[in-house]
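Asks: can you look at this prediction? I've put the sequence above it.
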Amino acid sequence: MKAIAVKPGTPDSVHLAELEKPAVSDIPNGRGVLVEVLQVGVDGTDKEINNAEYGDAPPGYEFLVIGHESFGRVVEVGPNVTELKAGDYVTATVRRPGDSIYDLIGHYDMTTDDTYYERGINLRHGYLTEFYVDDPEYIVKVPDGLAHIGVLSEPMSIVEKALEQAYEIQRRLRVWRPKRAAIFGAGAIGQLGALACHLRGLETVCIARTPAPNVKATQVEQLGVPYENTTESSLAEICEKHGPFDMVLEASGNAGVAFGCMEILAKNGVLILSSITGGSNEVTIPGDKVNLDFVLNNKVMFGTVNAHRGYFESAMRTFALAEAQFPGWLAQMLTHPVDGLDNYRELMDKLVGERTALKVFMNVKK
């Protein structure tokens with residue numbers, strides 16, 4: 001069967017590869033689930049892997065199948081699978097367990113192992129192919145009524161994890177009722193972050209680099225969330241207008257912006273770093289000032305990476321709430337489709353070149 005792959009370590013090596021079609025018997029104990037891939041989203045991670053910034057092939061292969069944002073339909077299940085059935089719409093998690101204590105208790109997204117396993121990213125093939133097989137532990141059902149936005153499940157799970165972790169950390173305060181949130185970046189994570197914060201009742205602002213009007217600004221403003229840009233206003237000016245912020249979700253992909261966010265947190269605030277920056281850029285910050293401010297005002301900064309199945313399940317609940325309050329808004333994010341695995345070059349060209357894209361994705365099978 002066909003698959004879109006790269007040769008890790010070789011820049012711009014994206015190509016069409018061949019894989020043997022998997023079978024439910026590939027998973028032990030009769031727990032196999034065979035899924036036909038319908039759609040796969042791509043993001044900056046796929047671009048960076050194709051740039052050879054990180055990622056390794058699975059053992060025994062010279063290539064890595066990319067694509068970690070999956071949506072598909074169950075074709076067949078093993079004899080000991082009761083959670084899913086043929087015809088179910090599903091998405092799948094990305095990280096697979098290692099050997100740390102966190103892996104052993106199902107929190108494999110919090111592993112402390114030096115070597116980690118992520119489908120489509122590192123040491124495990126991804127979903128830009130025709131079929132995959134896995135254990136139901138890593139496969140999450142998508143309700144039929146949400147199938148049209150199922151390909152957004154993985155990025156939504158990232159946002160769910162980020163916010164749930166923030167609230168969990170802030171239990172240290174006994175009472176934490178955040179009022180204002182800032183979202184940095186207006187790509188998929190930024191848009192979904194703005195949605196999730198707004199649905200939680202926070203006064204939310206989305207901050208990005210490009211001046212309005214633009215597609216991303218229009219999309220977020222449809223939620224009633226204001227859009228600000230750093231070209232026309234400084235962070236200090238934006239903070240004076242909308243902040244200070246009890247919670248900041250940084251999703252700009254820019255390390256300079258990420259560390260700049262440390263200066264706009266309210267007292268007892270929490271800064272969430274979700275950007276993957278695979279380069280070697282250096283930034284300068286007012287270290288003494290930031291350190292003093294964090295210490296005296298009990299501020300928190302933490303990083304978050306891809307999610308386990310619990311956060312995917314939370315994503316389904318947020319999708320349902322969003323569809324009720326803002327019908328059609330999520331579907332509008334699916335701006336740049338590409339049809340068919342043979343068109344892998346078009347997929348990557350849109351990912352790299354379409355600055356107005358909210359989500360580039362492939363229709364593997366319609």
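Replies: Sure thing, it's come through. Numbers count the residues shown, from 1 in each chain.

Asks: when you work out contacts or count neighbours from here on, use the C-alpha atoms and nothing else.
Replies: OK.

Asks: any idea how far stretch 293-300 is from the chain center?
Replies: 28 Å (CA atoms, centre = their mean, to the nearest Å).

Asks: can you check stretch 136-145 too?
Replies: Using CA atoms, centre = their mean, the offset of stretch 136-145 from its chain centre is 17 Å.

Asks: go on, stretch 176-191?
Replies: 14 Å.

Asks: quick one: mean pLDDT for that stretch?
Replies: Average pLDDT, stretch 176-191: 95.

Asks: can you list contacts of it?
Replies: Under the criterion CA atoms under 8 Å, 6 or more residues apart in numbering, residues 155-156, 158-159, 170, 193-194, 197, 201-209, 216-217, 219-220, 242-253, 333, 357-359 lie in contact with stretch 176-191.

Asks: these in helices, which ones?
Replies: Judged by DSSP state H, the contacts of stretch 176-191 include 155-156, 158-159, 193-194, 197, 216-217, 219-220, 242 as members of helices.

Asks: can you tell me the closest non-neighbouring residue to the residue nearest the centre of the chain?
Replies: Among the residues of the chain, Pro155 comes closest to the average C-alpha position under CA atoms, centre = their mean, at 2.9 Å. Spatially, and ignoring its direct neighbours in sequence, Pro155 is nearest to Ile189 (6.2 Å; CA to CA, 6 or more residues apart in numbering).

Asks: can you count the residues close to the one you found?
Replies: Look at Ile189: counted by other CA atoms under 10 Å, it has 28 neighbours.

Asks: same question, the one 10 residues further on
Replies: Other residues near Leu199 number 16, with proximity taken as other CA under 10 Å.

Asks: quick one: the helices in the stretch 1-150 of the chain, in order.
Replies: 44-50, 101-104 (DSSP state H, counting those that start in this stretch).

Asks: tell me how far the residue nearest to Pro155 lies from Gly253.
Replies: 10 Å (CA to CA, to the nearest Å).

Asks: same check, this time on Ser153
Replies: According to CA to CA, Ser153 stands 20 Å off from Gly253.

Asks: which one of the ones in helices among the contacts of stretch 176-191 is nearest Asn363?
Replies: Asn363 has its nearest neighbour among the ones in helices among the contacts of stretch 176-191 in Pro155, at 17.3 Å by CA to CA.

Asks: which ones are touching that closest one?
Replies: Counting by CA under 8 Å, 6+ apart, Pro155 has contacts 69, 188-189, 192.

Asks: domains of the chain?
Replies: Domain assignment for the chain by automatic domain parsing gives 2-141+335-363, 157-303.

Asks: could you tell me the least trusted of those domains?
Replies: domain 157-303 (a mean of 92).

Asks: before we move on, back to that, going through the contacts of stretch 176-191, which ones are buried?
Replies: Neighbour-count burial (16 or more other CA atoms under 10 Å) applied to the contacts of stretch 176-191 gives 155-156, 158-159, 170, 193-194, 197, 202-208, 216-217, 219-220, 242-253, 333, 357-359.

Asks: return the most buried member of the helices of the stretch 1-150 of the chain.
Replies: Highest mean neighbour count among these (mean count of other CA atoms under 10 Å): helix 44-50, with a mean of 21.

Asks: could you dump that one to CSV, C-alpha only?
Replies: Only the C-alpha atoms of helix 44-50 are listed here, as CSV (Å, rounded to 0.1, in the frame of the first residue of the first chain):
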residue,chain,number,x,y,z
GLY,A,44,4.8,22.4,11.5
THR,A,45,6.1,19.1,12.9
ASP,A,46,5.8,17.4,9.5
LYS,A,47,7.5,20.4,7.9
GLU,A,48,10.4,20.2,10.4
ILE,A,49,10.8,16.5,10.0
ASN,A,50,11.0,16.9,6.2
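
Asks: and for that helix, what's in contact with it?
Replies: Residues from elsewhere that reach helix 44-50 (CA under 8 Å, 6+ apart): 6, 8, 10-14, 54-55, 66-67, 121, 276, 278, 348, 351-352.

Asks: ok now that helix, how far from the chain's centre?
Replies: 13 Å.

Asks: assign the residue nearest to Pro155 to helix, strand or coil.
Replies: helix (DSSP: H, G, I helix; E, B strand; the rest coil).

Asks: the residue nearest to the centre of the chain and Ala208, how far apart?
Replies: Distance of Pro155 to Ala208, computed by CA to CA: 18 Å.

Asks: what's near enough to touch Phe312?
Replies: 93, 140, 153-154, 156-157, 160.

Asks: which two among those residues are spaced furthest apart?
Replies: For the contacts of Phe312, the maximum inter-member distance is 14.8 Å, found between Val140 and Glu160 (CA to CA).

Asks: now do the residue nearest to the centre of the chain, the pLDDT please.
Replies: pLDDT, Pro155: 96.

Asks: what about it, distance to Gly185?
Replies: Computed as CA to CA, the Pro155 to Gly185 distance reads 14 Å.

Asks: cool, and Ile101?
Replies: Ile101 is 34 Å from Gly185, where distance means CA to CA.

Asks: state the distance from the nearest residue to Asp342 once chain neighbours are set aside to Pro327.
Replies: Using CA to CA, 6+ apart and skipping the chain neighbours, the partner closest in space to Asp342 is Leu16 (7.0 Å). As for Leu16, its distance to Pro327 is 37 Å (criterion: CA to CA).

Asks: so who does the nearest residue to Lys359 once chain neighbours are set aside touch?
Replies: Sequence neighbours aside, Leu334 is the residue nearest to Lys359 in space, at 5.1 Å (criterion: CA to CA, 6+ apart). The contact partners of Leu334, by CA under 8 Å, 6+ apart, come to 358-361.

Asks: now, which of these sits nearest Gly41?
Replies: Nearest to Gly41 out of those is Phe361 (CA to CA; 4.0 Å).

Asks: assumed the closest one was part of a strand.
Replies: Yes: assessed by three-state DSSP, Phe361 belongs to a strand.

Asks: understood, closing this out.
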